[in-house]
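Engineer: This is a predicted model, with the sequence first.
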Amino acid sequence: MHEKLNEKLCAFLADEQFFSDVPGLAMAAGCADGTPWVPAKSEEVSSRAKTYAGKLKDFRFSGAAGCADISTGEKLTENHLFHMVSISKLFTSTAIMMLACDGKLSIDDKLETLLESEQLQGETLIADKRYKDITIRNLLTHTSGIGDLDDYGWDRPRWDEGALRDYVFSEEVRGKKLLWSPLENRFAYSNIAYEILGYVVEKVSGMPYEEFISQRIFALAGMDSASMLTFDRIDDLSGGREGKDEAHISFLSDFISGAHTSDKFKESVLERLRKSGFAMPHIKDTANRIVCSQLFPYNRMHAPSSTLTCRPADLVKWAQAHLHRQVFAPSVYEELWHAQADIPGTPEHLGLGWFVRRRGGFTFYGHEGTDIGYRAAFWICPELMLYVIICSNITTAPMKNLTRKATDIILDYAKQQ
């Protein structure tokens, strides 16, 4: 069913992989079963949306084009693992909303109050006096006034359990002067805000951030290949020496001794991740040639903003869980996706961590992102029960343009049926 649409999307992937000059592209798209809906109680699904949804009924697509690793020529498939960049923030937002639904916090709680017992020697988390006005809502909507970080530390990663807390209470965060008062409700994208939210999840739930995400979200959606702990995919990284070969013992010794910032160690990490099934990260060199990145974007200090890894099929499960309203009650979705802040220079808005975009007369909710070696996009449209997911293993993939083109192909097909 929908063979012509699937053929068009296969051709789209092949063409864009070549003309966009990227090593690989993977895509999953489809319509979830069920009745189309809109989050606002005051609105109804339009007859046009019902017609399009009906014409796309049972549509499912999954495909890939290009290479997983340009150095070996390994073919990319939809079963490769990808670093899913800032799509991670949707999981942090979901975690916060789950805790709100559990009655353990309110999104209008002041951050200062939630972290009061954590303040060191009477100091606040951020030295700027306007910090006292920051709420959880401000952090979710990038309206806290906290600027962005300058360095993820991909070349000197930490993956111990205390990494996130140490970052949140670091001098880098404390020394941040707010761009403006959070009371102004002005948008400025902030990864730091999401690291702080991740620590709030830890403090309020009493669980490590990654454990909460795994137990409460991955398990709920059935996301079997998903992890926020990328380096845990490397066999027994922090384990002992018993039963290990010499190469593995050397690898562990480098980790234990702190030599994990060496080029040799980084190469060893990349090789082990390759064997774990990853589409490898790529960048452009100074001559604009595609080359493999010598760094993998993982640092547990930045898990809440950036470290989700999984297969595209797991994001399909995540999409279906939301489209079927298995994660939250309808009233929560209305608040989650209600426009909370305008995005300067675009017609888009931001809900509680979810970007809100119109395309073809329909409303989509999701997120896109970039890290060294990867780009990804995740969008869902409840009024069509549609999801569109695209991943690439290079920093320079034109993801916003690719997502628009893919969505237009799907909508044009429905229009012509």
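Structural biologist: Yep, it's here.

Engineer: so where is the stretch 1-150 of the chain shaky, pLDDT-wise?
Structural biologist: For the stretch 1-150 of the chain, the stretches with pLDDT under 70 are 119-123.

Engineer: So which residue is dead centre in this structure?
Structural biologist: Nearest residue to the geometric centre of the chain (C-alpha atoms, centre = their mean): residue 87, 1.6 Å.

Engineer: is it true that that one touches residue 369?
Structural biologist: Yes. The pair formed by residue 87 and residue 369 meets the contact definition of C-beta atoms under 8 Å, at 5.9 Å. C-beta: built from backbone N, CA, C; applies to glycine.

Engineer: Tell me the residues that contact both of those two, please.
Structural biologist: Jointly contacting residue 87 and residue 369 under the rule C-beta atoms under 8 Å, 6 or more residues apart in numbering are 376, 377.

Engineer: any idea whether the nearest residue to residue 86 once chain neighbours are set aside is helix, strand or coil?
Structural biologist: Excluding its sequence neighbours, the residue lying closest to residue 86 (C-beta to C-beta, 6 or more residues apart in numbering) is residue 369, at 2.8 Å. The three-state label given to residue 369 by DSSP: H, G, I helix; E, B strand; the rest coil is strand.

Engineer: ditto for residue 364
Structural biologist: Look at residue 364: counting by three-state DSSP, its state is strand.

Engineer: so how far is stretch 56-71 from its chain's centroid?
Structural biologist: 19 Å (C-alpha atoms, centre = their mean, to the nearest Å).

Engineer: hmm, I was thinking of stretch 193-202
Structural biologist: 15 Å.

Engineer: What lies in contact with that stretch?
Structural biologist: Residues outside stretch 193-202 that contact it (C-beta under 8 Å, 6+ apart) are 88-89, 92-93, 95-96, 99, 105, 111, 114-115, 125, 136, 138-140, 142, 144, 146, 164-165, 167-168, 173, 207-209, 212, 301-305.

Engineer: go on, stretch 218-234?
Structural biologist: 81, 83, 88, 91, 157, 159, 209-210, 213-214, 217, 237, 269, 272-273, 276, 296, 298, 300, 303, 307-311, 313-314, 317-318, 320-321, 326-327.

Engineer: what ranges do the helices span in the stretch 151-300 of the chain?
Structural biologist: Using DSSP state H, counting those that start in this stretch, the helices assigned to the stretch 151-300 of the chain run over residues 163-168, 171-174, 191-205, 209-212, 219-221, 246-257, 263-275.

Engineer: Can you get me a residue count around the residue nearest to residue 174 when sequence neighbours are not counted?
Structural biologist: Of all residues beyond its chain neighbours, the one nearest residue 174 is residue 127 (5.5 Å), with distances taken as C-beta to C-beta, 6+ apart. Residue 127: 14 surrounding residues under other C-beta atoms under 10 Å.

Engineer: And the one 4 residues further on, by the same measure?
Structural biologist: Residues near residue 131, counting by other C-beta under 10 Å, number 20.

Engineer: did I read that right, it in a helix?
Structural biologist: Yes. Using three-state DSSP, the assignment for residue 131 is a helix.

Engineer: Please name the spatially closest residue to it (chain neighbours excluded).
Structural biologist: In space, and not counting its chain neighbours, residue 131 is closest to residue 124: 5.4 Å by C-beta to C-beta, 6+ apart.

Engineer: got a list of what that neighbour touches?
Structural biologist: Counting by C-beta under 8 Å, 6+ apart, residue 124 touches 112, 131, 132, 174.

Engineer: could you dump those to TSV with distance to residue 354?
Structural biologist: Output for those, formatted as TSV (distance: C-beta to C-beta, whole Å):
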residue	distance to residue 354
112	26
131	25
132	27
174	29
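
Engineer: Which among these count as buried?
Structural biologist: In those, burial by neighbour count holds for 112, 131, 174, counting by 16 or more other C-beta atoms under 10 Å.

Engineer: What ranges in the stretch 251-400 of the chain fall below the confidence cut-off?
Structural biologist: Within the stretch 251-400 of the chain, the ranges that satisfy pLDDT under 70 run 251-266.

Engineer: Going by neighbour count, list what's buried in stretch 390-401.
Structural biologist: Counting neighbours by 16+ other C-beta under 10 Å, one finds that the buried residues in stretch 390-401 are 390, 391, 392, 393, 394, 395, 396, 397, 398, 399.

Engineer: Any chance you could list what contacts it?
Structural biologist: 20-27, 68, 76, 82, 84, 279-284, 290, 293, 312, 368, 370-377, 402-403, 406.

Engineer: Hmm, the residue nearest to residue 86 is touching residue 376, no?
Structural biologist: Yes. If you go by C-beta under 8 Å, residue 369 and residue 376 touch, sitting 5.9 Å apart.

Engineer: anything in contact with each of these two?
Structural biologist: Taking C-beta under 8 Å, 6+ apart as the contact rule, the neighbours common to residue 369 and residue 376 are 84, 85, 87.

Engineer: Strands along the stretch 51-200 of the chain, start to end?
Structural biologist: 60-69, 74-75, 82-83 (DSSP state E, counting those that start in this stretch).

Engineer: just so I know, which of those lies nearest residue 3?
Structural biologist: The closest of the strands of the stretch 51-200 of the chain to residue 3 is strand 60-69. By C-beta to C-beta, the value is 10.6 Å.

Engineer: And the closest one, what does it pack against?
Structural biologist: helix 3-19, strand 24-31, strand 74-75, helix 312-323 (3 or more C-beta pairs under 8 Å, 6 or more residues apart in numbering; DSSP states H and E).

Engineer: what's the closest of the ones you listed to residue 203?
Structural biologist: helix 312-323 (25.0 Å).

Engineer: what angle do that closest one and strand 362-371 make?
Structural biologist: 140 degrees (axes from the mean of the first three to the mean of the last three C-alpha atoms, to 10 degrees).

Engineer: for helix 312-323, packing partners?
Structural biologist: strand 24-31, strand 60-69, helix 219-221, strand 374-381, strand 386-392.

Engineer: Tell me which of the ones you listed sits nearest to residue 53.
Structural biologist: With C-beta to C-beta as the measure, strand 24-31 is the member of those nearest residue 53 (6.7 Å).

Engineer: what about the closest one, distance to the chain center?
Structural biologist: 16 Å.

Engineer: and the angle for it with helix 312-323?
Structural biologist: Angle, strand 24-31 to helix 312-323, by the same axes, to 10 degrees: 30 degrees.
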